[in-house]
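Peer 1: Quick one: sequence and predicted model below, then my questions.
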Amino acid sequence: MFGSSKRQAFRPTAYGSSRRRGIPRWLVLLLTGIVLGAGGLLFLQKSYGPTRLTVEQSEQLHYDLNSANMDKQRLQSQLNQHVQDLKEARARIQAQDAELQERQAEIDRLTTDVALFADTAPSDPRGTSPGIRAVSFNFADGQLDYHILVMQDADKVKPFSGEVTLVAAGRYSNGRNANEELEPFPISLERYTHLQGTVEVPEGFTPREVTIQIRADGSERVTAMRVIRVPR
């Protein structure tokens with residue numbers, strides 16, 4: 001009964017004191033998870049992520065990007081110029097269409113006038129078709145200019161082709177009279193044709209009158225003929 005009254009300290013376990021100074025287990029797990037996560041992220045980036053560029057590659061990329069932007073600006077400028085050219089071309093086409101309509105109206109009026117002229121033109125004195133309806137000559141400097149209107153009757157129109165021969169009657173400078181056949185030229189017509197040109201006459205020869213002869217291709221028969229004096 002009179003033993004020591006000193007009380008024994010409470011021990012929570014049978015293995016002695018529970019106080020421990022090591023790193024908590026939860027902190028170890030947390031740090032381990034962080035390390036594993038960072039390592040996995042680095043592995044994924046290296047294995048499957050985009051390749052990291054070097055300084056040279058980065059500079060080349062910027063250069064290519066600038067070049068692409070310059071090309072884009074150039075192409076845009078060309079596109080704008082093409083659009084402007086297209087607008088101007090459309091404007092020219094519209095102006096040409098308007099001018100064409102005006103010309104067509106003028107052609108229609110001229111066609112009407114020509115048809116009226118053809119209906120009222122004097123007939124060939126010989127009554128042939130085709131006939132020589134009107135003639136004009138002018139002689140100067142050894143050359144004979146001619147204007148000849150040849151027409152077919154309205155009810156006898158068919159394609160005609162042949163040759164025109166001019167036979168000039170006149171005098172040489174030595175006083176000798178002569179008939180000279182000048183260089184022939186072709187003719188083709190349906191309703192009418194206007195022949196205009198120049199032929200040379202022999203040197204020293206002055207024509208006084210000209211006989212016009214028209215022959216069909218392959219024929220020696222004179223289809224139309226007319227004699228016209230040459231004005232002095």
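Peer 2: Sure thing, it's come through. Numbers count the residues shown, from 1 in each chain.
Peer 1: how close does the residue nearest the centre of the chain get to residue 101?
Peer 2: Centroid check for the chain by C-alpha atoms, centre = their mean gives residue 89 as the closest residue, at 10.1 Å. Applying C-beta to C-beta, to the nearest Å, one obtains 19 Å for the distance of residue 89 from residue 101. (Each C-beta comes from the backbone N, C-alpha and C, glycine too.)
Peer 1: Output the below-cut-off pLDDT ranges for this structure.
Peer 2: Along the chain, segments meeting pLDDT under 70 span 1-22, 41, 43-53.
Peer 1: the longest helix in it is where?
Peer 2: For the chain, the longest helix by residue count, based on DSSP state H, is helix 55-120.
Peer 1: what ranges do the helices span in the protein?
Peer 2: Per DSSP H, the chain carries helices over the ranges 25-48, 55-120.
Peer 1: Domains in this structure, by residue range?
Peer 2: Here the domain assignment for the chain is 54-120, 131-229, based on automatic domain parsing.
Peer 1: nearest to residue 42, of those?
Peer 2: domain 54-120 (18.9 Å; C-beta to C-beta).
Peer 1: Give me the distance from that closest one to the chain's centre.
Peer 2: Here domain 54-120 is found 10 Å from its chain centre; the criterion is C-alpha atoms, centre = their mean, to the nearest Å.
Peer 1: can you check stretch 173-191 too?
Peer 2: 47 Å.
Peer 1: do stretch 196-207 as well
Peer 2: Counting by C-alpha atoms, centre = their mean, stretch 196-207 comes out at 46 Å from the chain centroid.
Peer 1: residues in contact with it?
Peer 2: With C-beta atoms under 8 Å, 6 or more residues apart in numbering as the test, stretch 196-207 has contacts from 137, 139, 142-148, 166, 168-174, 178, 180, 182-183, 185, 230.
Peer 1: one step back: who are the packing partners of the longest helix of the chain?
Peer 2: Counting contacts by 3 or more C-beta pairs under 8 Å, 6 or more residues apart in numbering; DSSP states H and E, helix 55-120 is packed against no other helix or strand.
Peer 1: can you rerun that using 10 Å?
Peer 2: Contacts defined by 3 or more C-beta pairs under 10 Å, 6 or more residues apart in numbering; DSSP states H and E place helix 55-120 against strand 143-151, strand 192-200.
Peer 1: Can you tell me which of these is most buried?
Peer 2: Here the criterion is mean neighbour count by mean count of other C-beta atoms under 10 Å, and of the helices and strands packed on helix 55-120 the winner is strand 143-151, at a mean of 19.
Peer 1: what are the pairing partners of it, and which direction each?
Peer 2: Take DSSP bridges as the rule and strand 143-151 pairs in its sheet with strand 131-140 (antiparallel), strand 192-200 (antiparallel).
Peer 1: burial measure for residue 209, as a count.
Peer 2: The tally of other residues near residue 209 (other C-beta atoms under 10 Å) stands at 14.
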